[in-house]
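>>> Provided below are the primary sequence and the corresponding predicted coordinates.
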Amino acid sequence: MTKARPERSRVYKNHHLDSTRWDAVRLRDDDIIISTSLKTGTTWTQRIVSLLVFGPGPLPASLNFVSPWIDAVFWAPIEIVKDLAEGQTHRRFFKSHLAFDALPYDKSVKYIYVGRDGRDVFMSLWNHYGAYNDAIYGQLNDPAKLVGEPLAPCPDDIHALFADWVSHGSFPWENDGYPFWSHFHHAQTFWDFRHLSNVHFVHFNDMKADLAGEMRRIAAFLDIDVPEDRWPATVEGATFEAMKRDADSLLPELEAGFKGGAQTFVNKGTNERWKDVLTPDELAKYDRAVSRALTPDCARWLEHGSKSGDPKAR
């Protein structure tokens with residue numbers, strides 16, 4: 001039976017996530033939660049919302065502090081994150097990598113879900129995971145915080161990583177996404193509630209095809225009025241070129257955890273690199289993973305975005 005509203009029915013805890021950290025956050029009526037599985041355009045969407053909230057120009061702090069990742073168990077003690085969130089006087093917009101079955105739901109909060117073709121997600125994950133340095137492994141696998149098995153170093157062989165990612169889950173209810181979490185389960189939990197007026201769908205392909213149009217859609221959803229003469233500079237600040245140019249100032253903390261710092265984290269912003277990498281057998285395994293986890297309409301949207309033809313995701 002379809003539920004009328006999302007419910008927190010699962011707890012996610014591993015080397016990256018602790019969904020119970022949301023218990024410490026008191027939501028406000030105009031809060032924004034940006035939720036993605038991973039590598040779908042999370043930072044891009046955070047940057048878009050930051051430009052809508054603050055306008056073009058430097059942020060008052062780094063993006064990680066302006067828009068904190070609440071469920072990141074390794075980032076900072078939840079008491080510090082709670083105080084940071086409580087002290088924010090601007091329109092708050094939080095980052096999450098939790099599926100909808102672990103997020104607190106409030107009808108007065110705006111939820112932005114960001115989707116992307118899973119094969120493109122995997123290629124971006126390969127770059128992301130492979131750039132982890134010893135410092136970030138030390139944080140992620142800290143025995144004082146770790147629940148479950150530690151995160152192993154990224155394999156040297158991309159096909160070895162794909163074999164695990166496409167066929168194993170990190171949690172009992174998942175069948176893919178190892179050693180992180182399921183891209184597909186995350187997508188389906190949001191797709192099931194796309195009819196809700198406070199849930200907004202954004203797709204990586206659509207942002208690449210029409211950034212200005214997608215930013216106007218997000219602004220309308222958030223009830224943010226941008227003066228017409230400010231739109232060109234607002235959109236320019238969210239282009240890939242600007243994201244790459246401003247990466248070090250937007251995300252200075254990444255220098256400590258990533259080989260190459262923020263310049264590695266903000267990588268290529270391209271799709272379909274998998275066509276030159278994944279074999280026919282691997283693509284067949286991918287298709288089976290999609291069929292196991294997603295309804296056909298959700299699968300079409302996740303691959304194509306607005307070109308899927310589903311008006312409810314627009």
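That came in fine, so what should we check first?
>>> least confident secondary structure element in this protein?
For the chain, counting by mean pLDDT, DSSP states H and E, helix 261-265 ranks last in confidence among helices and strands (a mean of 44).
>>> which elements pack onto the helix or strand following that one?
Where DSSP states H and E defines the elements, the next helix or strand beyond helix 261-265 is helix 280-293. Counting contacts by 3 or more CB pairs under 8 Å, 6 or more residues apart in numbering; DSSP states H and E, helix 280-293 packs against helix 118-130, helix 158-167, helix 183-191. C-beta coordinates here come from the backbone N, C-alpha and C atoms, glycine included.
>>> what angle do the helix or strand that the shortest one is followed by and helix 183-191 make?
Read in the C-terminal direction, the helix or strand following helix 183-191 is strand 199-203, with elements assigned using DSSP H and E. Angle, strand 199-203 to helix 183-191, by axes from the mean of the first three to the mean of the last three CA atoms, to 10 degrees: 140 degrees.
>>> just the CA trace of strand 199-203, in CSV.
Output of strand 199-203 as CSV, limited to C-alpha atoms (Å, rounded to 0.1, in the frame of the first residue of the first chain):
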residue,chain,number,x,y,z
VAL,A,199,9.4,17.6,-3.1
HIS,A,200,11.2,18.8,-6.2
PHE,A,201,13.1,16.6,-8.7
VAL,A,202,16.2,17.8,-10.5
HIS,A,203,18.2,15.8,-13.0
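>>> now tell me what touches the following helix or strand past it from outside.
Beyond strand 199-203 on the C-terminal side, the first helix or strand identified by DSSP H and E is helix 204-209. By CB atoms under 8 Å, 6 or more residues apart in numbering, the residues outside helix 204-209 that reach it are 40-41, 44-45, 114-117, 120, 213-214, 269, 271, 304-307.
>>> do you know the pLDDT at the spatially most central residue of the chain?
In the chain, the centroid-proximal residue (CA atoms, centre = their mean) is T36; its distance is 2.9 Å. Here the pLDDT value assigned to T36 is 96.
>>> so who does it touch?
So T36 contacts 42, 45, 96-97, 113-115, 186 (CB under 8 Å, 6+ apart).
>>> what do you get if the cut-off is 6 Å, keeping everything else the same?
If you count contacts by CB atoms under 6 Å, 6 or more residues apart in numbering, T36 has them with 42, 114.
>>> phi and psi next, for it.
Note on T36: its backbone torsions stand at phi -140, psi 160 [degrees, to the nearest 10].
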